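Next one to model:
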Amino acid sequence: MSIFNIFNRKNGNKNAINDLNSTVSLSQPEIMKGVTGENDVNINNQAVDSNGSTLQNGINLLFQYLDKNYEKKGYDDALINPDNIHLEQNIAALRNDLERTIRRVKTFYEDFIREIDFHISSRTRSGMIDTVEELKVKKETAENHIRQVLEIEQEAKNNKGLGEGIIISYMRGFRNGLAAITHHSIMNRNF
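From the prediction side, this is the model:
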């Protein structure tokens, strides 16, 4: 029903008004423009892409990757192909994914710090002392996060630390899958 049809009716009825209300959304938008209008942010001040989904950046993306449990994936992979070459290739793929995630996070922080530096110098020239102090705190936080990311990267290169948990859980799952194959095919046989 067109909006203009509502006004053209001689007998205004309640259904026409209800139809109008159903076509017009009166709810608060989930995405609001940032202060400068450059970035979209949702109500929780998280960056969102053009589709409205939340972008995970920074150290949260890395920890989200590190917190995953790969035991089930290892188990399923062993059931599909119980070959050691397959195990080694999947471990290499997990290490590559970790390295790619670390690079993405490092790039995010390098860009973010460069942007903060610009704003610090610009706002300093404008005499915005409080804003500059807030920006410096944000920069310190970003620098602390990038130091943690670099530490995780170094540990991953040495096959130690947080990144090794991914490999351990995957290998545990793969070995459990191998044990399940053995149990099913050999141990259950009656002879």
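
Kindly export the helix or strand that contains residue 170 (C-alpha atoms) in PDB.
Here residue 170 sits within helix 164-182, counting by DSSP states H and E. Coordinates of the C-alpha atoms in helix 164-182 are reproduced here as PDB (Å, rounded to 0.1, in the frame of the first residue of the first chain):
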ATOM      1  CA  GLU A 164      51.600 -23.600  20.800                       C
ATOM      2  CA  GLY A 165      48.200 -24.300  22.500                       C
ATOM      3  CA  ILE A 166      46.600 -24.400  19.100                       C
ATOM      4  CA  ILE A 167      49.000 -27.100  17.900                       C
ATOM      5  CA  ILE A 168      48.700 -29.100  21.100                       C
ATOM      6  CA  SER A 169      44.900 -29.200  21.000                       C
ATOM      7  CA  TYR A 170      45.000 -30.100  17.300                       C
ATOM      8  CA  MET A 171      47.500 -32.900  17.800                       C
ATOM      9  CA  ARG A 172      45.500 -34.200  20.800                       C
ATOM     10  CA  GLY A 173      42.400 -34.400  18.600                       C
ATOM     11  CA  PHE A 174      44.300 -36.000  15.800                       C
ATOM     12  CA  ARG A 175      45.700 -38.700  18.100                       C
ATOM     13  CA  ASN A 176      42.300 -39.300  19.600                       C
ATOM     14  CA  GLY A 177      41.000 -39.800  16.000                       C
ATOM     15  CA  LEU A 178      43.800 -42.300  15.300                       C
ATOM     16  CA  ALA A 179      43.000 -44.100  18.600                       C
ATOM     17  CA  ALA A 180      39.300 -44.200  17.600                       C
ATOM     18  CA  ILE A 181      40.200 -45.700  14.200                       C
ATOM     19  CA  THR A 182      42.300 -48.400  15.900                       C
END
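
all numbers from here: first residue = 731
Renumbered: residue one is now 731, and that last one reads helix 894-912.

So for that helix, mean pLDDT?
Helix 894-912 shows a mean pLDDT of 91.

ok, now stretch 836-849?
Across stretch 836-849, pLDDT averages out at 95.

Please list the residues outside it that contact it.
Applying CB atoms under 8 Å, 6 or more residues apart in numbering, the external contacts of stretch 836-849 come out as 787-788, 791, 865, 868-869, 872-873, 875-876, 879-880, 883. Heads up, the C-betas are built off the backbone N, CA and C, glycines and all.
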